[in-house]
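> requesting a structural model of the entry that follows:
(chains A and B)
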Amino acid sequence: MTSELIDFTLVSVALLGIGIYGLAVKRNFIRMLFAVEIIINAANLNLVAFGRFLPHSGGQTLALFSIAIAAAEVAVGLSLIIVAYRMYQNVDIADFRSLKG
Amino acid sequence: MADIAFLALTVITIGSAIAALEMRSLIYGSIALMGTLGGIAGFFLLLDAPFVALFQLAVYVGSIAVLILFTVMLVKRELIFKKIEDKRRKFAGIGLMLVLMVALGAVFVDSGIKTMTTDEPSVNFRDIGTDFVTYYWPALILMGLILAGSVTGALVLARRVDEENDQRTN
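Numbers count the residues shown, from 1 in each chain, chains lettered A, B, ... in the order given. The predicted model follows:
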């Protein structure tokens, strides 16, 4: 155990930045899902890192919950992608306008 | 100081996160995303959390990444290689990313967690199991229901209704 808490936190900040860049710039539905996954993983890394250094078992428990909920989110997100692709024959979110007033 | 395994994992994780978003092909992008998720599992091993690391490998690299790969394969070939983005928006996004990283990083470096070290042994995974069935049991049940509901919802959403060949209409 030679790395310190600040190292893990900085990696997590870098991953969060990359994820927000992806959400802001990319217009492809699947790539935006990648960005969301990266952000969720940054959060999980933070949870486990703080749980290790406190030390408290709550960090790992919450990380396990977070991983399971992320799996549910990805399942729904991918089926939404399939439905939207079937309707518009595209994955560009600029085309998904049927809810726009 | 950070050791070599930590540095290697950092390079793998952040490099493949950038590759996942910037690769031209969505298929290579999703394989790069697998690298990011595996790198995070490596970080969990470094943090003495082997149970969470294996869970991460099983759920993320084993199922979510494969699910994403299959969805990408359902999309038309030219859409996989098409890049939909705006140049000006891209530079604004890079600026936003750098500002966010520098600001949050400065906050963390300046805070007290820089000096935080621990000599205590890591949490035993038996404690996690005890947590799940004692303090967190309502959340565990709720999580199971949410998983079942979301998988059922995903199936219902993605179902294609074939009206011409539907036996029930005859």
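> tell me the spacing between B:Leu157 and B:Ile14.
From B:Leu157 across to B:Ile14, the span is 34 Å (Cβ to Cβ, to the nearest Å). (Glycine included, C-beta is placed from N, CA and C.)
> compare these two (neighbour count), which wins?
Higher neighbour count among B:Leu157 and B:Ile14: B:Ile14, with 18 against 15, using other Cβ atoms under 10 Å in any protein chain shown.
> helix or strand for that one, which one?
Element membership for B:Ile14 (DSSP states H and E) is helix B:4-22.
> elements contacting that helix?
Under the contact criterion of 3 or more Cβ pairs under 8 Å, 6 or more residues apart in numbering or on different chains; DSSP states H and E, helix B:4-22 touches helix A:5-25, helix A:29-53, helix B:26-46.
> need these in TSV (columns: mean neighbour count).
Output for the helices and strands packed on helix B:4-22, formatted as TSV (neighbours: other Cβ atoms under 10 Å in any protein chain shown):
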stretch	mean neighbour count
helix A:5-25	22
helix A:29-53	23
helix B:26-46	22
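> residue ranges with poor pLDDT in chain A?
Along chain A, segments meeting pLDDT under 70 span A:1-2, A:101.
> now do the helices in chain B.
Per DSSP state H, chain B carries helices over the ranges B:4-22, B:26-46, B:50-56, B:65-74, B:77-81, B:87-110, B:125-133, B:137-158.
> quick one: the second one to helix A:29-53, angle?
Here helix B:26-46 runs at 0 degrees with respect to helix A:29-53, directions being taken by axes from the mean of the first three to the mean of the last three Cα atoms, to 10 degrees.
> ok now helix B:26-46, how far from the chain's centre?
Helix B:26-46 sits 8 Å away from the centroid of its parent chain (Cα atoms, centre = their mean, to the nearest Å).
> do stretch A:34-47 as well
That offset, for stretch A:34-47, works out to 5 Å (Cα atoms, centre = their mean).
> can I get it in CSV? Just the C-alpha atoms.
Provided in CSV are the C-alpha atoms of stretch A:34-47 (Å, rounded to 0.1, in the frame of the first residue of the first chain):
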residue,chain,number,x,y,z
PHE,A,34,-19.8,5.5,-22.7
ALA,A,35,-19.3,8.9,-21.1
VAL,A,36,-21.9,8.1,-18.4
GLU,A,37,-20.2,4.8,-17.7
ILE,A,38,-16.9,6.5,-17.3
ILE,A,39,-18.4,9.1,-14.8
ILE,A,40,-20.0,6.2,-12.8
ASN,A,41,-16.7,4.4,-12.6
ALA,A,42,-15.0,7.6,-11.3
ALA,A,43,-17.6,7.8,-8.6
ASN,A,44,-17.1,4.1,-7.7
LEU,A,45,-13.3,4.6,-7.5
ASN,A,46,-13.8,7.5,-5.1
LEU,A,47,-16.1,5.4,-2.9
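> could you check it against chain B for contacts?
Yes. Stretch A:34-47 comes into contact with chain B (Cβ under 8 Å from any Cβ of the partner chain), by way of A:Phe34, A:Ala35, A:Glu37, A:Ile38, A:Asn41, A:Asn44, A:Leu45.
> got the end-to-end distance for stretch B:132-142?
Start-to-end span of stretch B:132-142 (Cα to Cα, to the nearest Å) is 12 Å.
> quick one: buried residues of it?
Using 16 or more other Cβ atoms under 10 Å in any protein chain shown as the test for burial, stretch B:132-142 gives B:Phe132, B:Tyr136, B:Leu140.
> cool, and stretch A:50-64?
Counting neighbours by 16+ other Cβ under 10 Å, the buried set in stretch A:50-64 is A:50-53, A:55, A:57-64.
> that one and chain B, are they touching?
Yes. Using Cβ under 8 Å from any Cβ, we find that stretch A:50-64 touches chain B at A:51-61, A:63-64.
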